[in-house]
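missing the sequence, but the structure's below:
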Ligand code: SF4
């Protein structure tokens, strides 16, 4: 039963699944949540929703939720339920003890893109103002950190350049490494509507996603590239545009660094970047590359949307910069209907990055090395901030194995299940003296924890999420926290147990501190959000109503930078033992590793993951539809059922990673993006063979 009872009151809040940020009216009968109704005044969704936001909220009251704090001296001991005071004192004493023995940089935090801006701000503040180091990282490390680097380098800020409404003015859309109809369904529907009205579509993806051909929609071009060759494909498109002089010279002269453009033009014009040369590398026919490039350069307003199929590569940051180059080359920045748009996976990836969760940046994407930036926070917090960047998640784990990093506070993130190289993550966690897991459920990481602090769901707290179009949406408390406290209160209690004197009484006070220290949030208040419903940052004196379109007059960094994007093949090679390439993605009804969606009433959603295999590869291996197969890589192996389909090309296999039994990260490699360490989840050399099942 999904809907029950007659509602007597309602609260408007924001979906906690994907980066579209749909608004919902939570309708209650007394204290019981009856249903979630898409909110017609929600600016990101305008009364629409997908199945997850509409129905998959039952996890908030699932029996698996842990509601009392727990501690244990060693991870091989059973948990003991204790009071909040005892748990927080235990955690604080351990963390301080580690610092006394091993130095101030021996502990750190991991924040979550599922938590609110206010919660995330407090967690990074805990590291910087209480721990006294910059050892703060976020789960965005494993998804969109290359967006931060790539768009920062080229445009000057790490965010999508246009709003969702702007798609209605787009004439040509490139979707690269994203599957909006499954991953960002409400935006996917808006995109399909625009395509039905006649906009043209170029899909760059190894797999035939729904947008390539579905009801009333057919892509003009599907560049079904070999996984790992994004940079070569995008550079080949630029080659055609430059050599056929289809670029927007007036825009480039006015808005970009002309000298850098000339170097770039010379670089992409080299024969090795031509479609005829790169077709052998990428698997995309030269004539398709040429036709797609001509369409994008001459078809009117061009917009590019991308996802984790761009970022989760050893060249993730390079691909983001290649995409930014393509947009500048064609003058597609700074107007309605044009732009570069990372489709953020989780509800608050944008916000967690904005809030200074990375170890090198304070809130608002300002480097910790800059004394004038540190001075703002030092004055606000009454502390001295370490000028040295802290450790990224993989460096924390390496240092843990080496014995120099020994304490971790991990809020809302299951690194054992989500991060690459599961064995290494486990070894790092096992080597620590104090792991504090703050979550709704006893997740896999909690197997290595000494302290478990029960978390609160999005229904139980006030705050804000920032969606993929930089829209700051209110999250409103629908019901009292089942565990007694909202997550921001728990972080505050931990800070105070370690000697701080924080006294926030409501998240609006945390937002006031964010606004006072972060120029792009300067005018954001809860009163403004009540009045306007939502605003898009930058929201400050220069843009009091927020900013739907960025880089309108000039780039945030001044002149746009063309950066030479040299294709470098991944170190992950196919060969006789592992001749196929595995890539991964999502389905509409499930979400990431399924921690929330699997804990809802609707059992039909709990289907297992399948391995998509091309008929040619299946026949060669004697595999039929529904057979169990062994999927093996150099890192490990797992077992799942086969789905025979020509949605994937010969030589490529594909799976989702929603079910814990799939253990996709046992298969993936430990290669990562050269600039940000974002793991290369999208390219793994594998072999597939018949199996009798698990
Ligand atoms: Fe939630 Fe995303 Fe679905 Fe909207 S599209 S209801 S934000 S999961």
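Thanks, I have it. Just so we're clear, the structure is a prediction, and the values are computed from it rather than from any experiment.

and the residue of the stretch 251-400 of the chain nearest the ligand?
Going by CB to the nearest ligand atom, the ligand is nearest to residue 347 of the stretch 251-400 of the chain, at 6.6 Å. From N, CA and C alone the C-beta is placed, and that goes for glycine too.

would you check that that residue makes contact with residue 113?
Yes: between residue 347 and residue 113 there is a contact under CB atoms under 8 Å: 7.1 Å.

got the domain ranges for the protein?
70-142+357-457+483-525, 145-342, 580-690 (automatic domain parsing).

need those domains in CSV with mean neighbour count, can you?
Listed next are the domains of the chain as CSV, based on neighbours: other CB atoms under 10 Å:
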stretch, mean neighbour count
domain 70-142+357-457+483-525, 21
domain 145-342, 22
domain 580-690, 19
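
any chance of CSV for these, columns mean pLDDT and distance to residue 569?
Converted to CSV, the domains of the chain look like this (pLDDT from 0 to 100; distance: least, CB to CB, whole Å):
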stretch, mean pLDDT, distance to residue 569
domain 70-142+357-457+483-525, 95, 19
domain 145-342, 94, 7
domain 580-690, 86, 10
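
so which of those is nearest residue 556?
Counting by CB to CB, residue 556 lies closest to domain 145-342 out of the domains of the chain; the figure is 3.5 Å.

how far off centre is that closest one?
A distance of 19 Å separates the centroid of the chain from that of domain 145-342, by CA atoms, centre = their mean, to the nearest Å.

and the domains of the chain as CSV, adding distance to the ligand?
Listed next are the domains of the chain as CSV, based on distance: least, CB to the nearest ligand atom, whole Å:
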stretch, distance to the ligand
domain 70-142+357-457+483-525, 12
domain 145-342, 4
domain 580-690, 7
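
export these to JSON lines and tack on distance to residue 9?
Formatted as JSON lines, the domains of the chain follow (distance: least, CB to CB, whole Å):
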{"stretch": "domain 70-142+357-457+483-525", "distance to residue 9": "19"}
{"stretch": "domain 145-342", "distance to residue 9": "25"}
{"stretch": "domain 580-690", "distance to residue 9": "22"}
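
and of these, who's closest to residue 550?
domain 145-342 (4.7 Å).

now do the same end-to-end measure for the closest one.
11 Å (CA to CA, to the nearest Å).

now swap in stretch 459-469 and tell me
So stretch 459-469: terminal residues 23 Å apart, CA to CA.

same check, this time on stretch 158-177
Start-to-end, stretch 158-177 (CA to CA) is 18 Å.

going forward, the N-terminal residue is numbered 55.
Let's use 55 as the start, then, which means that last one is stretch 212-231.

which residues are in contact with the closest residue to the ligand within the stretch 405-554 of the chain?
Nearest to the ligand, among the residues of the stretch 405-554 of the chain, is residue 521, at 7.6 Å (CB to the nearest ligand atom). Shown in contact with residue 521 (CB atoms under 8 Å, 6 or more residues apart in numbering): 73-75, 98, 398, 401, 404, 527.

those residues in strands, which ones?
Using DSSP state E, the subset of these located in strands is residue 527.

partner residues bridging residue 594?
Residue 594 has these beta-bridge partners by DSSP bridges: residue 597.

separation between it and the ligand?
Separation of residue 594 from the ligand (CB to the nearest ligand atom, to the nearest Å): 26 Å.

thought that residue was touching residue 576?
Yes: with contacts counted by CB under 8 Å, residue 594 reaches residue 576, the gap being 3.7 Å.

ok and the residue in the chain nearest the ligand?
residue 107 (2.4 Å).

contacting residues around that residue?
69, 71, 76, 78, 90, 92.

swap in 6 Å and give it another go.
Going by CB atoms under 6 Å, 6 or more residues apart in numbering, residue 107 touches 69, 71, 76.

and it, what pLDDT?
Here the pLDDT value assigned to residue 107 is 89.

gap between the host helix or strand of it and the chain center?
Remark: residue 107 resides in helix 105-109, with elements defined by DSSP states H and E. Centroid separation for helix 105-109 versus its chain: 20 Å, with CA atoms, centre = their mean.

list the contacts of whichever helix or strand comes after it.
Where DSSP H and E defines the elements, the next helix or strand beyond helix 105-109 is strand 124-125. Strand 124-125 is contacted by residues 133-136, 141, 144, 505-506 when judged by CB under 6 Å, 6+ apart.

next secondary structure after strand 124-125?
In the C-terminal direction from strand 124-125 (assignment by DSSP H and E), the next one is strand 134-135.

what lines up beside that following strand in the sheet?
Per DSSP bridges, strand 134-135 is paired in its sheet with strand 124-125 (antiparallel).

residues near residue 622, how many?
The tally of other residues near residue 622 (other CB atoms under 10 Å) stands at 13.
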